[in-house]
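> Quick one, structure for this:
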Amino acid sequence: DNPPDSPMFRDVVSKSDGCDGENVITVDLKEAVTLAREFDAFATENEFDAAYYNVPNQLQLKGVVFHESRCGSTLAANTMMAMNP
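Next comes the predicted model:
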């Protein structure tokens, strides 16, 4: 609720319910990518109604900065914000 209270990913994890190691989900990345590509091909070839399939809205991302301490991600994120606020 208050981002300054949890500035680092590890802080968010430590304060989150269900992040105690018992609720671990493992996903095969190659399989996930394959399924996503199959779905995209289906959606492209057919008149796809996202509301009918209850698909979440997609963000048209230009890039992503994964934040972790002491790796320069804050500098990168702040630089990008300064370039295009």
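
> Render the CA-only coordinates of the helix or strand hosting residue 37 in CSV, please.
Using DSSP states H and E, residue 37 falls within helix 29-45. Extracted as CSV, the C-alpha positions of helix 29-45 are listed here (Å, rounded to 0.1, in the frame of the first residue of the first chain):
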residue,chain,number,x,y,z
LEU,A,29,9.5,-21.4,-19.5
LYS,A,30,9.8,-23.1,-22.9
GLU,A,31,6.4,-24.7,-22.5
ALA,A,32,4.8,-21.3,-21.4
VAL,A,33,6.3,-19.6,-24.5
THR,A,34,5.1,-22.4,-26.8
LEU,A,35,1.6,-22.1,-25.4
ALA,A,36,1.6,-18.3,-25.6
ARG,A,37,2.7,-18.5,-29.3
GLU,A,38,0.0,-21.1,-30.1
PHE,A,39,-2.6,-18.8,-28.4
ASP,A,40,-1.4,-15.8,-30.3
ALA,A,41,-1.5,-17.7,-33.6
PHE,A,42,-5.1,-18.7,-32.8
ALA,A,43,-6.1,-15.2,-31.8
THR,A,44,-4.6,-13.8,-35.0
GLU,A,45,-6.3,-16.3,-37.3
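
> For the helix or strand following that helix, C-alpha coordinates in PDB please.
As assigned by DSSP H and E, the chain's next helix or strand after helix 29-45 is helix 73-83. What follows is helix 73-83, C-alpha atoms only, in PDB (Å, rounded to 0.1, in the frame of the first residue of the first chain):
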ATOM      1  CA  SER A  73      18.100  -0.900 -11.900                       C
ATOM      2  CA  THR A  74      17.000   2.200  -9.900                       C
ATOM      3  CA  LEU A  75      19.500   4.300 -11.900                       C
ATOM      4  CA  ALA A  76      18.100   2.800 -15.200                       C
ATOM      5  CA  ALA A  77      14.500   3.300 -14.200                       C
ATOM      6  CA  ASN A  78      15.100   6.900 -13.000                       C
ATOM      7  CA  THR A  79      17.100   7.700 -16.200                       C
ATOM      8  CA  MET A  80      14.200   6.400 -18.400                       C
ATOM      9  CA  MET A  81      11.700   8.500 -16.400                       C
ATOM     10  CA  ALA A  82      13.800  11.600 -16.800                       C
ATOM     11  CA  MET A  83      14.000  11.000 -20.500                       C
END
